[in-house]
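Undergrad: Only the shape, not the letters, is given here:
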Ligand code: ACO
């Protein structure tokens, strides 16, 4: 039994904010942002757009791709979904209800179980393994929709130059199908290796201090600013370099492979310098690493899925290609997947 990604989708809001746009408002420059992060622009959702709106658009795109591929009716694909797993740190509501349930209703995917997961920027990687695990455990489950959707601009202080330049909004979706193909041997397909990890000792290196049960809103309280992310950039950077190299190393070892066997590496798009550090460590050529951070900045859980969809739609993923996904983020969480396309 194999767990294959049979369709992909993405959604990025039309509002595009360049580094120069930011530099006109806060104390930063295009040169600083590009040289320290590789970011050139980010897409920011308009007021009133919620996590589920982007999630729905990405999901509809993935479903349309599958319908074109298989000739199934879109309505049949939706009603045939068994699971909707939505990774996000910026849900529509604070926990109740899950954003996945909002999306399930809008899709009319009435037979799907639906829930959210929070693994921050590693959410897409966590979502893939959870989907495969839940598909494997029940014979009657066949298809899972895994979505990662973020509107981190709602939790970013527009005046804080240390975070405002880093994040963008976006969503990605994949449909995972349980197929009779093997997941071992020469004809294997789908998700073949997965690593999930966390180091909670870094929990406060990147967090939103206000609004949860640790530091709740109080009746009559006047807020000077909306709750926003606080980040120890250096600590996150050091963790991220360790996490990305360790994950690549472990995935290759688990599958008895070298970098030469990998067709594409899709890293979480947090900072081009973090990726460069891993590139140097393993001697990876630029052609093997897919980067789109210049256009979208860090879209948190969505970034790996957006990149995967772009590669897929560009026809750059061929059957049998070995693809390595690697993510890291707040929590701190990290992990990766090896996929035979
Ligand atoms: N524009 C101009 N100058 C800036 C900016 C900015 N936007 N931000 C910081 N600076 C200044 C600092 O004030 C500092 O000035 P000083 O030397 O006068 O004190 C100088 O630039 C250097 O600052 P550092 O913080 O040391 O810069 P660094 O090289 O570490 O880069 C960065 C900062 C880009 C944030 C880096 O630490 C980083 O990428 N960290 C990881 C962040 C990340 O990936 N977060 C997301 C994790 S994933 C998730 O789950 C959401």
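TA: Arrived safely, thanks for sending. Because the structure is predicted, anything quoted here is derived from the model rather than measured.
Undergrad: What residues does the stretch 201-341 of the chain have near the ligand?
TA: The stretch 201-341 of the chain has residues 206, 231, 233-234, 236-237, 240, 270-271, 298, 300, 329-330 near the ligand, with proximity defined as Cβ under 6 Å from any ligand atom. Quick note: C-beta positions are derived from backbone N, CA and C, even for glycine.
Undergrad: Output the residues you listed in TSV; the columns should cover distance to residue 59, secondary structure and neighbour count.
TA: Putting those into TSV (distance: Cβ to Cβ, whole Å; DSSP: H, G, I helix; E, B strand; the rest coil; neighbours: other Cβ atoms under 10 Å) gives the following:
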residue	distance to residue 59	secondary structure	neighbour count
206	27	strand	22
231	30	strand	19
233	33	helix	14
234	37	helix	9
236	30	helix	23
237	33	helix	18
240	29	helix	25
270	24	coil	27
271	28	coil	23
298	22	strand	24
300	17	helix	32
329	22	strand	26
330	24	coil	23
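Undergrad: Phi and psi next, for the closest residue to residue 50 other than its chain neighbours.
TA: The shortest distance from residue 50 to any residue other than its chain neighbours is 4.6 Å, reached at residue 92 (Cβ to Cβ, 6 or more residues apart in numbering). Phi and psi for residue 92, reported as degrees, to the nearest 10, are phi -60, psi -40.
Undergrad: swap in residue 322?
TA: In terms of degrees, to the nearest 10, the main-chain angles of residue 322 are phi -100, psi 120.
Undergrad: tell me the contacts of it?
TA: 257, 261-263, 338-341 (Cβ atoms under 8 Å, 6 or more residues apart in numbering).
Undergrad: same thing with residue 211?
TA: Neighbouring residues of residue 211 by Cβ under 8 Å, 6+ apart: 94, 217, 227.
Undergrad: and of these, the nearest to the ligand?
TA: residue 227 (15.0 Å; Cβ to the nearest ligand atom).
Undergrad: Nearest to the ligand: which residue in the stretch 201-341 of the chain?
TA: For the stretch 201-341 of the chain, Cβ to the nearest ligand atom, closest residue to the ligand: residue 329, 2.6 Å.
Undergrad: Once you drop chain neighbours, what's closest to that residue?
TA: Spatial nearest neighbour of residue 329, excluding adjacent residues (Cβ to Cβ, 6+ apart): residue 121 at 2.6 Å.
Undergrad: The one you found belongs to a strand?
TA: No. Assessed with DSSP: H, G, I helix; E, B strand; the rest coil, residue 121 is helix; it does not lie in a strand.
Undergrad: On the pLDDT front, check it for me.
TA: Residue 121 carries a pLDDT value of 98.
Undergrad: Tell me how many other residues crowd it.
TA: Counted by other Cβ atoms under 10 Å, the residues lying close to residue 121 total 32.
Undergrad: what does residue 205 give?
TA: By other Cβ under 10 Å, the burial measure for residue 205, its neighbour count, is 20.
Undergrad: which of the contacts of residue 211 are buried?
TA: residue 227 (16 or more other Cβ atoms under 10 Å).
Undergrad: Now render the contacts of residue 211 as CSV, adding secondary structure and pLDDT.
TA: Formatted as CSV, those follow (DSSP: H, G, I helix; E, B strand; the rest coil; pLDDT from 0 to 100):
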residue, secondary structure, pLDDT
94, coil, 91
217, coil, 94
227, coil, 93
